[in-house]
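Novice: I'd like to go over a predicted model; first the sequence, then the structure.
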Amino acid sequence: MESAYELHLDNPVKDANWFSKISFSYLIPLLRKAKAKNLEVGDLYNTPKDCESCELGYQLEKRSQAKISEAKGKELRLAICLCELFGLEYFGWGIMLFVYTMLNNVLPLVLASLIRQFSQRADTSEMYLTSAALVLLALANNTLHHHCICGMLRTGIKIRASISTLVYRKIIRLNQNVLGRSTSSGQIINLLSNDLCRIDTMLLHMHTFWILPIQVVIICYLIWRQVGISTLAGVLSMTIFSVPVQGYLSKLTGRLRLKIAEKTDKRVKMMTEIVSGIQVIKMYTWEKPFENLIHFIRKSEVNELTKSSYLNGFYNSCMVFLDRLSLFTTIVCYVLLGNSLTPDKVFSMGQLFNFLQLQAAVHYPMAVTSTSQCWVSLKRLEQFLALEEKEESRIQKCNKGELSLSSVSASWTKVVPTLKHITLHLKPGSLCAIVGPVGAGKSSIIQVLLGELPFSSGTTKVGGDISYASQQPWLFSATARQNIIFGLPYDRKRYNKVVKVCALKKDFMQFPYGDHTVVGDRGASLSGGQRARINLARAVYRQASIYLLDDPLSAVDAHVGKHLFSECIYKYLRGKLRILVTHQLQFLMKADVVIVVNRGEIEAVGTYNELSSQNLDFSKLLKLQEEDNENVDDDDDIGIRRNSVRSSTRSTSSIDSTSDICDVKQFDDNETDTVKHQVKSPLKEYIMASSDNFLIFSLFVVLILSQGMCSGNDYWVAYWC
Ligand SMILES: Nc1ncnc2c1ncn2[C@@H]1O[C@H](COP(=O)(O)OP(=O)(O)OP(=O)(O)O)[C@@H](O)[C@H]1O
């Protein structure tokens, strides 16, 4: 589908030469641009082919389905599917990381030989050669390391893209009953934002598990060559200090992560519900209690996050001096055994202990923590992917433009039947109006025809394509035009006609960029009536044999409603089978068939005249039944919900305008605007955001002190030697 943001710039890595690829210099133009101005979406490059979510999602879906059928319907093991799909690529980066780690071990040896040459006053040219080797090795190592990280992040992006696609596809297939009961939009957002990030982090550290033991053996051997048995003192002090602390802390972090994820789910769910019901909250002036509620939930989440940060801080502060502690114990042991120290031994050992500490006390715990966190996230994803899906459609085919329901019963929940023995046959080209009180089951009939509500008995036959306008207008963040054509090719003539019959011309003229104006998330920048008409226009623009229009006239005023009915539904869609759910009784006269639904059953079928001749008073019927419903269940919020939606979404839009839609090439982009107005110095803003200058100052002093102590340590060792 056409995206709101189109990226036109080709990825420069495609045509970059070898030097540019090695040094990443192909990114310099982008960095220059970012220095000159704040980057906008249009400045970014196209996604490389191998990272496109569509293909990656398809591959993962194929593999996971194969796994599920192999396991005879048992749980999906997402980790196994990911290993099979991306394991080889990821292992390739692991080999590169291994080479980097091994080369790193060579660096201290070269450094030791340079120090030895200095102390023995060796030949200058020899010293130059050793220095050059040291610099080149460091350069090569750094380049290798950056490519490893970049490669692993790229694999992470691919995994994230493929799982996101899987989740999006699952959402479409989810059984409606599951939504709200076993999952919520908040939880899904959390899965896509927080949980998927854990996989990225884990990938950066996973190779430590197999590289660490090899490196420990090599480093121990290299230190042993220099100080013999004293090596054990250093290694032992490092192990004793780090292993128990590590094990305990990673366990604690794993537990905390689970708690944080649950609290974030709860908060996001609550926020989503509050935002969607903000009109009701404001109407009853419930802002304060809800504010307190949000404050309470956020506080409990922040408390857990703070605990987790303290744990991290405590661990890092312990580990920073671990290499120095090990070096110290080794040297003391070496000297006590009657040996004399030389600078080449001390400084090369210092570097080797530093590598060992980095791997054993920083990367290894990170690997353990991120793996346990990732495991929790994968389990949550697996649980979501295992949720009940819609049943396979049992809708049969019939002649084009026809549909029929024979004694169909269906239910949203297993307790109360929603539709009971619905029978109706509609001919091609007819206009059928479905009326009935709130909650009678009108929309449910449409949902059966769409295959969203599975029917328990009876037969449903549908002939040809269906186009559907939902009761609650649905818009996505893109231009008004993109919302109408919805991925179909743009046919100017048809489009202009649809815009005219849906009474959108004048609205588009008022928009800053005509129909190229971005409508905001869920059409936030539009009135309820505009949203309803764009929603209807989308259904009408699509060419289909059957149009299912679920109450499209209730969000607009009587004048616009009349225009929509006569110009769009009655005239423009003439010749197609139209099912119109409505509460507007004035349009029933023009319908070929009127179906009266009440309490999930069809109460009467016929033309308006036929039903009137049976002394059926529609208005009285609807009114009485709605009152009846209100009396039956005072707590039922459906009436409130529907009425509030309706009253709040009434539009005052007019249809008088006859001029054409302005065809503006550029479109407004709220997000881009936000980017343009970003602060000039994010670092300054970031520091100022803490609003506690004393804390910032203390942190600064502590940082300087700790760095001073580290350097002092090196100075002291040099002095000792
Ligand atoms: N997605 C859903 N999940 C669970 N129950 C649902 C769902 N949609 C509708 N229902 C229930 O099915 C019953 C019929 O609802 P339906 O929306 O079909 O009524 P309606 O006649 O279209 O009402 P309205 O005129 O307000 O649109 C109601 O009791 C409603 O609560």
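Specialist: Received the coordinates, thanks. Residues are numbered from 1 along each chain as shown.
Novice: S308 against G254, yeah?
Specialist: No. Judged on C-beta atoms under 8 Å, S308 makes no contact with G254 at a distance of 10.6 Å. Every C-beta, even on glycine, is put in place using the N, C-alpha and C of the backbone.
Novice: please compute how far the lengthiest helix in the chain lies from its chain's middle.
Specialist: With DSSP state H setting the assignment, residue counts place helix 124-173 as the longest helix in the chain. Relative to its parent chain, helix 124-173 has a centroid offset of 24 Å by C-alpha atoms, centre = their mean, to the nearest Å.
Novice: so which residue is dead centre in the protein?
Specialist: By C-alpha atoms, centre = their mean, the mean C-alpha position of the chain lies nearest to L192, the distance being 3.5 Å.
Novice: local confidence estimate at that residue?
Specialist: Looking at L192, its pLDDT stands at 87.
Novice: who's in contact with it?
Specialist: Contact analysis of L192 by C-beta atoms under 8 Å, 6 or more residues apart in numbering lists 164, 167.
Novice: how near is it to S377?
Specialist: 11 Å (C-beta to C-beta, to the nearest Å).
Novice: now swap in G463 and tell me
Specialist: From G463 to S377 the distance is 46 Å (C-beta to C-beta).
Novice: over to R257?
Specialist: Taking C-beta to C-beta, one finds R257 at 8 Å from S377.
Novice: what does V243 give?
Specialist: Taking C-beta to C-beta, one finds V243 at 26 Å from S377.
Novice: now the helix or strand K379 falls within: buried residues?
Specialist: Using DSSP states H and E, K379 sits within helix 364-385. Within helix 364-385, the residues that qualify as buried are 364-374, 376-378, 380-381, 384-385, counting by 16 or more other C-beta atoms under 10 Å.
Novice: could you do stretch 163-179 as well?
Specialist: In stretch 163-179, counting by 16+ other C-beta under 10 Å, buried: 163-167, 170, 174, 177.
Novice: hmm, that stretch in reach of the ligand?
Specialist: Yes. Using C-beta under 6 Å from any ligand atom, we find that stretch 163-179 touches the ligand at Q176.
Novice: packing partners for the helix or strand hosting F697?
Specialist: Using DSSP H and E, F697 sits in helix 693-720. When contacts are defined as 3 or more C-beta pairs under 8 Å, 6 or more residues apart in numbering; DSSP states H and E, helix 693-720 sits against helix 322-336, helix 343-357.
Novice: between it and helix 322-336, how many degrees?
Specialist: If you take axes from the mean of the first three to the mean of the last three C-alpha atoms, to 10 degrees, helix 693-720 sits at 20 degrees to helix 322-336.
Novice: look up phi and psi at I434.
Specialist: phi -110, psi 120 (degrees, to the nearest 10).
Novice: any idea how far it lies from the ligand?
Specialist: Distance, I434 to the ligand, by C-beta to the nearest ligand atom, to the nearest Å: 8 Å.
Novice: tell me the contacts of that residue?
Specialist: 442, 445, 579-582, 595, 597.
Novice: swap in K33?
Specialist: Contact analysis of K33 by C-beta under 8 Å, 6+ apart lists 39, 43.
Novice: can I assume it sits in a helix?
Specialist: Yes. Under DSSP: H, G, I helix; E, B strand; the rest coil, K33 falls within a helix.
Novice: which residue is the nearest non-sequential neighbour of the closest residue to the ligand within the stretch 251-400 of the chain?
Specialist: Going by C-beta to the nearest ligand atom, the ligand is nearest to K390 of the stretch 251-400 of the chain, at 11.8 Å. Spatially, and ignoring its direct neighbours in sequence, K390 is nearest to N175 (5.2 Å; C-beta to C-beta, 6 or more residues apart in numbering).
Novice: related to what we said a few turns ago, check the residue of the stretch 251-400 of the chain closest to the ligand and give its pLDDT.
Specialist: 79.
Novice: thought Q246 was touching H363?
Specialist: No. At 11.3 Å, Q246 does not count as touching H363 under the criterion of C-beta under 8 Å.
Novice: per-domain residue ranges of this structure.
Specialist: When the chain is parsed with automatic domain parsing, its domains come out as 52-263+305-385, 396-670, 682-720.
Novice: want to throw these into JSON lines with distance to S20?
Specialist: Listed next are the domains of the chain as JSON lines, based on distance: least, C-beta to C-beta, whole Å:
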{"stretch": "domain 52-263+305-385", "distance to S20": "13"}
{"stretch": "domain 396-670", "distance to S20": "31"}
{"stretch": "domain 682-720", "distance to S20": "28"}
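Novice: between the ones you listed, which gets nearest to K282?
Specialist: The minimum distance between K282 and those falls on domain 396-670, with 10.5 Å, by C-beta to C-beta.
Novice: what comes into contact with stretch 385-398?
Specialist: 64, 75-76, 78, 166-167, 170, 173-178, 182-183, 404, 449, 451-452, 454-455, 459-463.
Novice: with stretch 534-544 instead?
Specialist: Under C-beta under 8 Å, 6+ apart, the answer for stretch 534-544 is 464-470, 473-475, 480, 483-486, 488, 494-495, 498-499, 501-502, 504, 519, 523, 526, 547-549, 552, 564, 568, 572-573, 576.
Novice: now these: which count as buried?
Specialist: 464, 466-470, 473, 475, 480, 483-486, 495, 498-499, 501-502, 504, 519, 523, 526, 547-549, 552, 564, 568, 572-573, 576.
Novice: where along the chain do the strands fall?
Specialist: 396-397, 403-410, 419-426, 431-435, 455-462, 466-469, 546-550, 577-581, 593-598, 601-606 (DSSP state E).
Novice: including distance to C220 and mean pLDDT, could those strands go into a markdown table?
Specialist: Output for the strands of the chain, formatted as a markdown table (distance: least, C-beta to C-beta, whole Å; pLDDT from 0 to 100):
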| stretch | distance to C220 | mean pLDDT |
| --- | --- | --- |
| strand 396-397 | 73 | 87 |
| strand 403-410 | 70 | 91 |
| strand 419-426 | 74 | 91 |
| strand 431-435 | 80 | 93 |
| strand 455-462 | 70 | 90 |
| strand 466-469 | 69 | 94 |
| strand 546-550 | 72 | 95 |
| strand 577-581 | 77 | 94 |
| strand 593-598 | 80 | 91 |
| strand 601-606 | 81 | 89 |
